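# Model the following, please.
(4 chains)
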Amino acid sequence: MLLNVLYFARLRENLGLAQEQITLQSTRSCVSDLLDYLRARGPQWQATLAAEKNLRVAVNQDLARFETALKDGDEVALFPPVTGG
Amino acid sequence: MLLNVLYFARLRENLGLAQEQITLQSTRSCVSDLLDYLRARGPQWQATLAAEKNLRVAVNQDLARFETALKDGDEVALFPPVTGG
Amino acid sequence: MRVRVQEADFDLTTEISLLRQARPDVGAVVAFIGLVRDVNAGASVSELTLEHYPAMTQKALASIAEQAQQRWEVDEVLVIHRVGRLLPMDQIVLVAVAGAHRGPAFHACEFIMDYLKTQAPFWKKEQTSDGAHWVEARSSDDAAAARWEQS
Amino acid sequence: MRVRVQEADFDLTTEISLLRQARPDVGAVVAFIGLVRDVNAGASVSELTLEHYPAMTQKALASIAEQAQQRWEVDEVLVIHRVGRLLPMDQIVLVAVAGAHRGPAFHACEFIMDYLKTQAPFWKKEQTSDGAHWVEARSSDDAAAARWEQS
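Next comes the predicted model:
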């Protein structure tokens, strides 16, 4: 499946990337599978995405869980806990 | 003791009076004694001051109780429950 | 702590700016604005007259604001209450609380309004389609104020 | 329900007037204004940059405001959140709720702020005397939002 992946705030800065397209081989994947795929890219990715308590995810602009299932064409955003207001 | 007595809102209208000076004979009186004195003036006073749940009192500009003691020179205000804000 | 009783209307932007003036440590302002409704207890309201007890009003409002400042960590409190003749949609009261964080500011503002509603010497007389009458106190206001009593 | 995300500042008097426009049944407005503080976590702040996730922001704020309108009897809700570069004492956010009575308006306003703080995709980066850094989320904000969870 093809995913549009976005990074915000500290994640965007640490990874040096705001947006990319990723193709996951499996047809049945959830957010955690995407995270495993990204962590396998190297130490910087591993470190930035390690602590799940400092990681939030939105799928198609709605807050989601790590076990939320993904489908082809989804927009997945990864970011730290929000600090607006 | 000499009291300065004020009436507000519905009480002022019903009694046709905004302010008066009253001399109570006793030297040891509380708000209830003043109310008894006023109720004895006639049916209109009796009716207007009858229901204590619809009556509030302030002594020297502080909310007080019916058992609050009075002293010479006090300003006593009688009024219905407040409805500001 | 600023308390004002006045016939004149007030401007929100101006009042909140004054409240925050020279306070760069303020992160949160909570403001309550009370307004004249065109209906009350089922009758349409064409006009409202607010009577008060001048010698007591300032003292009562200042005491309520002071209690709020003792109970919650807030920096500045403003209370403006209008008196005299008012029309539907007119502003009646402004309670504004400024502090570092929002929780105490929300609590202090709601506390001040609940106490003002039950302890500050104001009385409303309405002109309605059924004639003129004094507004009845609401038992829900007593209940709201009672919530804050400390055990 | 009105939701705006913008770089420009907002004017309280104007926004509250618009919110109440043609609503003579509104008796209570509760407004929260969030401001840039010149100190945070002990460091002095000279500047703040607010980043957001544009495609999600409007949707998230509208959803929070809608939940508030479903839970409490209120008539109008306004949320304005600024993004971009801000300085100490600048306004960041306005949440204003208008309704017949004050209780629901207070609850809805505080609920929206608590949810906004934990669910709306904004991130603050501060320039401080110790350098630039992303603001840490506060566990007290999670606790504030959790209070509203329905059992």
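# For the closest residue to chain B within chain C, give the beta-bridge partners.
Going by C-beta to the nearest C-beta, chain B is nearest to C:Phe122 of chain C, at 2.5 Å. All C-beta spots, glycine's among them, are computed from the backbone N, C-alpha and C. Beta-bridge partners recorded for C:Phe122 (DSSP bridges): C:His52.
# next one: A:Ala58
Using DSSP bridges, the beta-bridge partners of A:Ala58 come out as A:Leu63, A:Ala77.
# number of nearby residues for it?
When counting by other C-beta atoms under 10 Å in any protein chain shown, one arrives at 24 neighbours for A:Ala58.
# now the strands for chain C?
In chain C, the segments counted as strands under DSSP state E are C:2-6, C:28-35, C:39-40, C:43-52, C:76-82, C:84-86, C:91-99, C:122-128, C:131-134.
# Hmm, I typed the wrong one, I wanted chain A.
A:2-7, A:19-23, A:29-30, A:56-59, A:62-64, A:69-70, A:75-79.
# any chance of these in a markdown table, with mean pLDDT and distance to B:Pro80 too?
A markdown table is the format used below for those (pLDDT from 0 to 100; distance: least, C-beta to C-beta, whole Å):
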| stretch | mean pLDDT | distance to B:Pro80 |
| --- | --- | --- |
| strand A:2-7 | 98 | 62 |
| strand A:19-23 | 97 | 66 |
| strand A:29-30 | 95 | 65 |
| strand A:56-59 | 98 | 55 |
| strand A:62-64 | 97 | 51 |
| strand A:69-70 | 97 | 64 |
| strand A:75-79 | 98 | 57 |
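# quick revisit: nearest to B:Lys71, of the strands of chain C?
strand C:43-52 (25.5 Å; C-beta to C-beta).
# just to revisit the earlier point, quick one, what contacts the residue of chain C closest to chain B?
Going by C-beta atoms under 8 Å, 6 or more residues apart in numbering or on different chains, C:Phe122 touches B:82-85, C:50-52, C:57, C:81, C:83.
# buried stuff in the helix ranked longest in chain A?
Ranked by residue count and defined by DSSP state H, the top helix of chain A is helix A:31-39. Residues of helix A:31-39 classed as buried: A:31, A:33-35, A:37-38 (neighbour count, 16 or more other C-beta atoms under 10 Å in any protein chain shown).
# residues from chain A in reach of chain C?
Residues of chain A found near chain C (C-beta under 8 Å from any C-beta of the partner chain): none.
# and with 10 Å instead?
Where proximity means C-beta under 10 Å from any C-beta of the partner chain, the interface of chain A facing chain C comprises A:Gly85.
# Point me to the residue of chain A nearest chain B.
As assessed by C-beta to the nearest C-beta, chain B sits closest to A:Gly85 within chain A, at 27.9 Å.
# check contacts around that residue.
By C-beta atoms under 10 Å, 6 or more residues apart in numbering or on different chains, the contact set of A:Gly85 is C:27-28, C:102, D:32, D:34, D:50, D:81, D:92-93, D:95, D:112-118, D:120, D:122, D:124, D:141.
# how close does it get to D:Ala96?
Separation of A:Gly85 from D:Ala96 (C-beta to C-beta, to the nearest Å): 14 Å.
# What of A:Leu11?
Taken as C-beta to C-beta, the span from A:Leu11 to D:Ala96 is 32 Å.
# So between the two, which is more surrounded?
Shown here are A:Leu11 and D:Ala96; by other C-beta under 10 Å, D:Ala96 has more neighbours (26 against 22).
# Hmm, D:Thr13 and the more buried one touching each other?
No: between D:Ala96 and D:Thr13 there is no contact under C-beta atoms under 10 Å: 11.5 Å.
# per-residue pLDDT, C:Thr118?
With respect to pLDDT, C:Thr118 scores 96.
# what's the burial count for the closest residue in space to it that isn't next to it in sequence?
Distances taken as C-beta to C-beta, 6 or more residues apart in numbering or on different chains place C:Ala145 nearest to C:Thr118, at 4.3 Å, with adjacent residues excluded. By other C-beta under 10 Å, 17 other residues sit near C:Ala145.
# And for C:Ala137?
Other residues lying near C:Ala137 total 18 when counted by other C-beta under 10 Å.
# Against A:Leu55, how distant is C:Ile80?
Distance check for C:Ile80 against A:Leu55: by C-beta to C-beta, it reads 47 Å.
# quick one: which of those two has more around it?
It is C:Ile80, of C:Ile80 and A:Leu55, that has more neighbours when counted by other C-beta under 10 Å, with 21 against 17.
# Looks like that one contacts C:Leu94 (just checking).
Yes: C:Ile80 is within contact range of C:Leu94, at 4.5 Å (criterion: C-beta under 10 Å).
# Touching both of the two, which residues are there?
With C-beta under 10 Å, 6+ apart, C:Ile80 and C:Leu94 have common neighbours C:4, C:10, C:15, C:33.
# what about C:Tyr115, neighbour count?
Neighbour count for C:Tyr115, taken as other C-beta under 10 Å: 22.
# What's the local residue count around C:Lys59?
Neighbour count for C:Lys59, taken as other C-beta under 10 Å: 17.
# Tell me who's in contact with it.
Counting by C-beta under 10 Å, 6+ apart, C:Lys59 has contacts B:58, B:60-62, C:3, C:53, C:120-121.
# Ok, C:Asp90 next?
Neighbours of C:Asp90 in contact, by C-beta under 10 Å, 6+ apart: C:9, C:34-36, C:47-48, C:82.
# which of the residues you listed sit farthest apart?
Using C-beta to C-beta, the contacts of C:Asp90 reach their maximum pairwise distance at C:Gly34 and C:Glu47, which is 16.4 Å.
# between the two, who's got more neighbours?
Shown here are C:Gly34 and C:Glu47; by other C-beta under 10 Å, C:Gly34 has more neighbours (22 against 15).
# From chain A, how far out is the more buried one?
Distance of C:Gly34 to chain A, given as C-beta to the nearest C-beta, to the nearest Å: 25 Å.
# How about C:Gln70?
For C:Gln70, the distance to chain A (C-beta to the nearest C-beta) stands at 27 Å.
# Closest residue of chain C to chain A?
Relative to chain A, the nearest point of chain C is C:Arg102 (8.1 Å; C-beta to the nearest C-beta).
# C:Glu73 is in contact with that residue, correct?
No: the criterion here is C-beta under 10 Å, and C:Arg102 misses it with C:Glu73 at 11.5 Å.
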